[in-house]
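Q: sequence? don't have it. structure:
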């Protein structure tokens, strides 16, 4: 297993243990518990990022998998030039939503969108 794949697998293992252990109202503000199938969809998408990271000519940091709002799972990564947030929703209205910022020399580009998985 190469270094990038190992780092991704460590993130998945740690996030799975933490996020799936959270119960209803874990934040004392009415948050809902996280479903394994939502986490599974997040991991599927996360693995696509891992393959892209191994094959790109420039380096990306390892994304973080964190609890999102309303039982969704966030996948976030960023560095000085790029930050992106993918939100895997529990309700299925939009499986992947993202917001990204890319900073180049003298400009900043921001983009957002939604993807529906089939």
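A: Arrived safely, thanks for sending. On a predicted model such as this, the values are computed, not experimentally measured, just so you know. Residues are numbered from 1 along each chain as shown.
Q: ok, then the element right after the helix or strand containing residue 86?
A: Per DSSP states H and E: residue 86 is located in strand 82-88. Moving toward the C-terminus from strand 82-88, the next helix or strand (DSSP H and E) is strand 96-104.
Q: list of residues touching the strand holding residue 86?
A: 38, 41-42, 45, 60, 68, 72-78, 95-103 (CB atoms under 8 Å, 6 or more residues apart in numbering). Where you see a C-beta, it was placed from the backbone N, CA and C, and this is true even at glycine.
Q: so among those, which ones count as buried?
A: In terms of neighbour count (16 or more other CB atoms under 10 Å), the buried residues within these are 38, 41-42, 45, 60, 68, 72-77, 95-98, 100.
Q: show the pLDDT at the residue nearest the centre of the chain.
A: Centroid check for the chain by CA atoms, centre = their mean gives residue 75 as the closest residue, at 1.2 Å. At residue 75, the pLDDT value in this model is 89.
Q: what pairs with the helix or strand of the chain with the lowest mean pLDDT, parallel or antiparallel?
A: Counting by mean pLDDT, DSSP states H and E, the weakest-scoring helix or strand in the chain turns out to be strand 96-104, with a mean of 73. Sheet partners assigned to strand 96-104 using DSSP bridges are listed as strand 82-88 (antiparallel), strand 107-115 (antiparallel).
Q: tell me which of these is the most buried.
A: The densest packing among the strands paired with strand 96-104, expressed as mean neighbour count by mean count of other CB atoms under 10 Å, is seen in strand 82-88 with a mean of 19.
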